[in-house]
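> what's the 3D shape of this:
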Amino acid sequence: MTRADLGKDPRDVSAMFDRVAARYDRTNTVLSVGNAALWRAATTRAVGAKPGERVLDVAAGTGTSSASLAKSGASIVAADFSPGMIEVGRRRQATVPNLVFVEADAMALPFGDAEFDAVTISFGLRNVKDPKQALREFLRVTKPGGRLVVCEFSHPPTRVVRAGYDFYQRVVMPPLVRLSSSNDDAYEYLNESINAWPDQRTLAAWIREAGWTEVAWRNLTAGIVALHRARKPLDAE
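Residues are numbered from 1 along each chain as shown. A predicted model of the protein is given here:
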């Protein structure tokens, strides 16, 4: 059994994702009841990549979101710190010409300053040991005026939705995980990490604290997921 805990040691988290890589996309589709594709589409639209741009997709996993971004004609760098995920991603996305995979730690990205027109991360920021440091790194590698898009699980604002989501996590999700995943324990951690993650306003404050401006968010699926957007100041170095 391989799982991380809320201490989020990078070696443990990486090993956990190595273990689930082969069935990761299928499990996400099952557990999200098909909503994963809708969240991916919303994120792709929010990034708004254009031909000639260079976009960094952090915690890209098997590159499903990266491949969606690549349809724009932009040059996409899919970064992940799980070698197992990258291996699966390179195989599955081998026909996408404008997509490359790079093994990278979100807290210490192996890129120069101001290399990217946009940086995005989907369902990965909460797995980073120090998400505030990651947000600062995202700022560093983004060009002045460039864009940030963060898609992450969040907190439904209404009591009825919160109660329904809690029931789903406690009662419905465990048997679905056993049917679709190669590592039940990993998804116990993922559930814990979702529940421990801050709400929309707190994450927005973290993004501003890191130096981003024009910070805003909108809820997806009644606030189970939130899509945060921001820009790097034009006068930033």
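> helices or strands up against the longest strand along the chain?
Assignment by DSSP state E gives strand 142-153 as the longest strand of the chain. Packing partners of strand 142-153 (3 or more CB pairs under 8 Å, 6 or more residues apart in numbering; DSSP states H and E): helix 35-47, strand 116-122, helix 131-141, helix 200-209, strand 225-231. Every residue, glycine included, has its C-beta placed from N, CA and C.
> which one of those has the most crowded surroundings?
The highest mean neighbour count among the helices and strands packed on strand 142-153, using mean count of other CB atoms under 10 Å, belongs to strand 116-122: a mean of 27.
> Now do that one, average pLDDT.
In this model, strand 116-122 has an average pLDDT of 98.
> And for stretch 228-237?
Across stretch 228-237, the per-residue pLDDT values average to 93.
> residues in contact with that stretch?
46, 113-114, 139, 142-152, 200, 203-204, 207-208, 211-217 (CB atoms under 8 Å, 6 or more residues apart in numbering).
> From one end of it to the other, what's the distance?
Terminal residues of stretch 228-237 lie 22 Å apart, using CA to CA, to the nearest Å.
> Need the contact partners of stretch 117-124.
39-40, 43, 46-49, 53-59, 61, 65, 69, 74, 106, 134, 138, 141-143, 146-153.
> from the chain's centre, how far out does that stretch sit?
Its chain's C-alpha centre and that of stretch 117-124 lie 6 Å apart, by CA atoms, centre = their mean, to the nearest Å.
> Just the CA trace of it, in PDB.
Only the C-alpha atoms of stretch 117-124 are listed here, as PDB (Å, rounded to 0.1, in the frame of the first residue of the first chain):
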ATOM      1  CA  ASP A 117       2.600  33.400 -21.000                       C
ATOM      2  CA  ALA A 118       0.400  31.400 -18.700                       C
ATOM      3  CA  VAL A 119       0.700  28.900 -15.800                       C
ATOM      4  CA  THR A 120      -2.100  26.600 -14.800                       C
ATOM      5  CA  ILE A 121      -2.500  23.800 -12.300                       C
ATOM      6  CA  SER A 122      -5.600  21.600 -11.900                       C
ATOM      7  CA  PHE A 123      -6.200  19.600  -8.700                       C
ATOM      8  CA  GLY A 124      -2.600  19.600  -7.800                       C
END
